[in-house]
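Undergrad: pasting the structure only:
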């Protein structure tokens, strides 16, 4: 007799997504709601969708969700968590949302130590708007707004957000993970689980999981090559592992 | 076979990640496109061990994995079968 | 009590659950007062990192069904326009207080009424309106708060309370007491966790073909209802007036004294004081324009509300303007002189000279 050992978790809506083939959002979304279902918090959770490819996350994830202005998610999360401390509030943001336009908001939510969970999807590019440079685009990477490749003198170095936020007293857990392959995906899920558990325990601070994620379309690679690029190139700039906590 | 996977070929976008992670090389890409124009994955279940690597990596949750119940107790499933499932107090 | 603090206490009495704000003169008394008073009542206070963040915090709290507010002054309100547009699109209730100061740019910290356009035309992007209330005394500032929260909840909209540096700082006796609430709809749209119900989504993005258009018609229908039901306006000595002065907020107090002075000189002047700037008391002003008279609009600006007065008068009478921008405050004597000049037949459209 065969038993099911893997299937869609209940809070992952059974519908097609608009994401490109091989996009990391599909995996990351699934991990987040698997964790939410496994921890039994789907009825207490409110998620914040970013502006970016994942803006329609509420069409795929069956928890109460809100769509907010670009970058403002940590401030919105602050408003929600402070007035509803018993709810589990998480934001899910890309590298433009979190590290560019939302840089002030994440720094201050982290600085104040808001009791929220932040999922930071770092794919080193702006997908939704057509492949422009992100703060986390790596040196020499070609994008729509650095067609000659990222040059440190002109555009600065790739931003290491996890290391930056770890300095702040209000952060209690920061880990960088990647979606390149099942082993790393399992580790990412463990990190996400820990980040949510901390909020359930009302731990005094902000928990963030940075997830290196593939964007095959704008990296101009096949999905398989994109995963390899994360392993071979991105992890040199963004080392994996527990940075704090 | 110890395991079996069911691929939702209409949901599959043919990204090919499952093909490279399968330790038994049991998954290939079909020559026939689905309604969306993608070439979906297909499987040779004879070789399948039900390890779930393919399902873990699938961005579209298009794969359901089954395993012989005599071997299931290894506890690496996901979702409600996960060994991470906490008992609700 | 000073206006800013009266406003803050009145908000708490009205059931404000959360205050988020950033320091900016001349409304720092609000933020300061809230910082100790809110925790005293077990409510939420956060000094945000910017006004941009403050309005987003309001957005979050409001989305969970709470009564949330922020306060700022002109440059900070400019930063909030993005958030207000999102609040409008997502139909969330919120109260935003603008204690106006001189502008544009960093301006100064003196009182002004230069944000009328920003408040009434919807300073952010898109087709939306915010209710705008313009109190003219410390008591009215306080009374306005309960009304603001009720209107916000009733119509799922942002209510802007437009004060200015004088009103915020002035000290006047005030009675602070709970006001009975209107009958308000339940917030079944609020994000509270999907217990025993389907997922709730708060959003303002509608990509489907024609969906955003429909959403905008729905918003419009709501704004028409507000226009029909919520206009507030006061008038005095208009019935026999040759000259009607239209002013709001602090300007209205100056005008009141100037009109009294005019009457004591035998000039038939009267005044109309809009209390809701949106919805604008178009009907009241149009009625006053039925008989021939001159309208003089007085503002602490280069002329913003005067446009709405002209629209209301619809060409039936002359509409003139007097004002001082950038923190300048017209004196009672200056306004009286304007009225007097209009009443002198040789110079005025009133006469045959």
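TA: Perfect, thanks for sending it. Just so we're clear, the structure is a prediction, and the values are computed from it rather than from any experiment. Numbering: from 1, shown residues only, chains lettered A, B, ... in the order given.

Undergrad: what's near enough to touch residue C:76?
TA: With contacts defined as Cβ atoms under 8 Å, 6 or more residues apart in numbering or on different chains, the neighbours of residue C:76 are C:22, C:24, C:51, C:54. (C-beta placed from N, C-alpha, C; glycine too.)

Undergrad: For chain A, what is the nearest residue in chain B?
TA: Of all residues in chain B, residue B:59 sits closest to chain A, at 2.8 Å by Cβ to the nearest Cβ.

Undergrad: Excluding sequence neighbours, find me the nearest residue to that residue.
TA: residue A:26 (2.8 Å; Cβ to Cβ, 6 or more residues apart in numbering or on different chains).

Undergrad: Which element, helix or strand, includes that neighbour?
TA: Under the criterion of DSSP states H and E, residue A:26 resides in helix A:24-38.

Undergrad: Beyond that helix, next helix or strand please.
TA: For helix A:24-38, the following helix or strand on the C-terminal side (DSSP H and E) is strand A:45-49.

Undergrad: Let me know the angle separating that following strand from helix A:24-38.
TA: Here strand A:45-49 points in a direction 170 degrees away from that of helix A:24-38 (axes from the mean of the first three to the mean of the last three Cα atoms, to 10 degrees).

Undergrad: Contact partners for residue 192?
TA: Since you didn't name a chain, this refers to chain A. So residue A:192 contacts A:31-32, A:35, A:119, A:209 (Cβ under 8 Å, 6+ apart).

Undergrad: Oops, wrong one, chain C.
TA: A:46, A:64, A:84, A:87, C:64-65, C:200.

Undergrad: Please report how far it lies from residue C:45.
TA: Noted for residue C:192: a distance of 22 Å to residue C:45, by Cβ to Cβ, to the nearest Å.

Undergrad: mind listing the strands for the chain?
TA: Looking at chain A here, since you left the chain open. A:2-6, A:45-49, A:64-67, A:88-94, A:117-122, A:171-178, A:206-212, A:241-244 (DSSP state E).

Undergrad: let's do chain C instead
TA: So, for chain C - with DSSP E - the strands run C:18-21, C:44-47, C:68-72, C:94-100, C:131-133, C:158-164, C:201-202, C:233-236, C:243-246, C:269-274, C:276-278, C:294-299, C:319-323.

Undergrad: Mind putting these into a markdown table with mean neighbour count?
TA: Output for the strands of chain C, formatted as a markdown table (neighbours: other Cβ atoms under 10 Å in any protein chain shown):
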| stretch | mean neighbour count |
| --- | --- |
| strand C:18-21 | 28 |
| strand C:44-47 | 21 |
| strand C:68-72 | 29 |
| strand C:94-100 | 29 |
| strand C:131-133 | 27 |
| strand C:158-164 | 28 |
| strand C:201-202 | 22 |
| strand C:233-236 | 17 |
| strand C:243-246 | 28 |
| strand C:269-274 | 25 |
| strand C:276-278 | 24 |
| strand C:294-299 | 26 |
| strand C:319-323 | 21 |
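
Undergrad: if I look at the spatially closest residue to residue B:57 that is not a sequence neighbour, how far off is residue B:45?
TA: Leaving aside its sequence neighbours, residue B:57 sits nearest to residue B:17 (Cβ to Cβ, 6+ apart; 4.6 Å). Taking Cβ to Cβ as the measure, residue B:17 falls 19 Å from residue B:45.

Undergrad: between those two, which one's more packed in?
TA: residue B:17 (30 against 14; other Cβ atoms under 10 Å in any protein chain shown).

Undergrad: so who does that one touch?
TA: For residue B:17, counting by Cβ under 8 Å, 6+ apart, the contacting residues are A:22, A:223-224, A:227, B:54, B:57-59.

Undergrad: How about the residues of chain A by chain B?
TA: Residues of chain A lying near chain B by Cβ under 8 Å from any Cβ of the partner chain: A:1-10, A:12, A:16-17, A:19-27, A:30, A:34-35, A:37-40, A:181-182, A:185-186, A:189, A:193, A:216, A:222-224, A:227.

Undergrad: I figured residue B:27 hits residue B:43, correct?
TA: Yes: between residue B:27 and residue B:43 a contact is recorded at 5.0 Å, counting by Cβ atoms under 8 Å.

Undergrad: which residues do those two both contact?
TA: Residues touching both residue B:27 and residue B:43 (Cβ under 8 Å, 6+ apart): residue B:5.

Undergrad: neighbour-wise, which of these two wins?
TA: residue B:27 (24 against 21).

Undergrad: All the helices of the stretch 101-250 of chain C, residue numbers only.
TA: Taking DSSP state H, counting those that start in this stretch to define them, one finds helices in the stretch 101-250 of chain C at C:116-120, C:138-155, C:165-169, C:211-229, C:249-264.

Undergrad: Out of those helices, which is closest to chain A?
TA: The nearest among those, by Cβ to the nearest Cβ, is helix C:211-229 at 13.1 Å.

Undergrad: any idea of the angle the closest one forms with helix C:138-155?
TA: Using the same axes, to 10 degrees: helix C:211-229 against helix C:138-155 is 140 degrees.

Undergrad: May I see the buried residues of helix C:211-229?
TA: Neighbour counts over helix C:211-229 (16 or more other Cβ atoms under 10 Å in any protein chain shown) mark C:219, C:222-223, C:226-227 as buried.

Undergrad: got a list of what residue A:100 touches?
TA: Applying Cβ under 8 Å, 6+ apart, the residues contacting residue A:100 are A:71, A:134-135.
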